[in-house]
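Engineer: I would like the atomic coordinates for the input below:
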Amino acid sequence: MTEEEIIHGCLKHDRNCQRMLYEQYFGKMINVGIRYAKNLNEAKEILHNAFKNIFSQLKHFADSNAKRKNDEPAVSVEDWIKKLVIESAVVHMHNNKREYFVSSTVNAREAEKPSSAEITDEQIIAAADINAVVQALQQLSPSYRAVYNMHEVDGFSHAEISKLLDISESTSRDNLSKGKFNLRKNLTRMISK
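Structural biologist: The predicted model follows:
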């Protein structure tokens, strides 16, 4: 089945088509969810909630793409699904606000130069595999992890992040700085083991 046929089937509430759409995007989207979650179970919960929204909003997505102007490019299904997964992660964070938005006492030492015994950024990047990076991301505080992912990976501006997470732009910038510092520290610790 083509993606168009699968979407058309999902619009008719065909369970087989819904399963196919879910299976087609599960692998990519669990990777998005895991970047925002503290573990795989939480990522699955985020993804499960996202797919509820995907199926309930699919008609709106199809109608919006059909009504676009000729010079406007169509929004890809994958980009739209990714956006809803990120939104689901943000909703999850808001629902667990006490856990996610806790002030940190860790201060980023931005201008500090590494000593000769410390590992350089290039060595960290060369030595780290994707699993190590994901594990290091999951060790960040949830607010640092969210801002880091939204800004560095998903390309959100600090203004967009502040609106989505209901924080100030300066808090977003501060969390990004501290998140980068702690991510580097986590990766350095993992690599030096």
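Engineer: can you list the weak-confidence ranges in the protein?
Structural biologist: Within the chain, the stretches with pLDDT under 70 are 97-128, 193.
Engineer: For it, which segments count as helices?
Structural biologist: Ranges of helices in the chain, per DSSP state H, are 3-11, 15-36, 40-66, 77-95, 97-100, 121-127, 130-138, 142-148, 158-165, 169-192.
Engineer: Kindly compare burial across those helices and name the winner.
Structural biologist: helix 142-148 (a mean of 24; mean count of other C-beta atoms under 10 Å). Glycine gets a C-beta too; all of them are placed from N, C-alpha and C.
Engineer: list the contacts for the closest residue to S162 other than its chain neighbours?
Structural biologist: Leaving aside its sequence neighbours, S162 sits nearest to E169 (C-beta to C-beta, 6 or more residues apart in numbering; 4.7 Å). The contact partners of E169, taken as C-beta atoms under 8 Å, 6 or more residues apart in numbering, are 158-159, 161-162.
Engineer: Widest-spaced pair of those?
Structural biologist: Across those, the longest distance by C-beta to C-beta is 7.4 Å; it joins A159 and I161.
Engineer: now I54: how far from G179?
Structural biologist: Look at I54 and G179: by C-beta to C-beta, to the nearest Å, they are 28 Å apart.
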